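Give me coordinates for this.
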Amino acid sequence: MVKKINRWVFYRITRLSIRAKWLKTNLSDLSNIQSRVMGITLASIVDPDSEMMINPTIDYKVGEKYYIKKYDSKGDVEKFITISKTSNGYSISLVGHELIDGTTHKYHFDIWFNDSYGQLIIERFRKNLKRRRDKMEIEIRKDDEKTLNLILNKTKKSY
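Numbering: from 1, shown residues only. This is a model prediction of the structure:
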């Protein structure tokens, strides 16, 4: 029995150490430009006002692509971020304009990330997209339940 317990503890510790290595992301490996673009991308993913889109099919011609669109107060597109899977990593294209101190600054950046950082960004994208979708479905179901209750009450009154 003690041997089984020791084996189970060893298994858990080994599994935890392997997972910790997988989850470990050292941002010091990134250049200054990469870390800033990654910060902008992750902030845009979390922003509830941003529009998140995904390519529904993974085609060898089009590739695996994710899109983030952010609008300014006038309704114009302020930022458009494209996350693309390439053969040797991920490419983030950041296009937009910012109004800083009364001056409009236009920019276009294409930055490459290795697979581990690309997967980190994609996982955050998917989690946030799932969270938004679940929230939307709950809102839709809530309205459906009200409508069904009204229909049920109407049919009960007709008897």
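
Low-confidence bits of the chain, can you list those?
Within the chain, the ranges that satisfy pLDDT under 70 run 19-28, 56-63, 159.

90 - rerun?
Within the chain, the segments meeting pLDDT under 90 span 1-32, 35, 48-49, 53-65, 70-78, 85-89, 96-105, 107, 114-120, 136-159.

Strands of that one, start to end?
Shown for the chain, the strands assigned by DSSP state E span residues 51-54, 65-71, 77-86, 89-100, 103-113.

which parts of the second one are buried?
This means strand 65-71. 65-70 (16 or more other CB atoms under 10 Å). The way it works is simple: take the backbone N, C-alpha and C, and place the C-beta from them, glycine included.

From the centroid of this structure, which residue is nearest?
Most central in the chain under CA atoms, centre = their mean is Phe125, positioned 0.9 Å from the mean C-alpha point.

quick one on the thing from earlier: looking at the buried residues of strand 65-71, which one is closest to Glu51?
Lys69 (4.3 Å; CB to CB).

related to what we said a few turns ago, redo the strands of the chain as CSV? Include distance to Met38.
Below are these laid out as CSV (distance: least, CB to CB, whole Å):
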stretch, distance to Met38
strand 51-54, 17
strand 65-71, 13
strand 77-86, 11
strand 89-100, 8
strand 103-113, 7
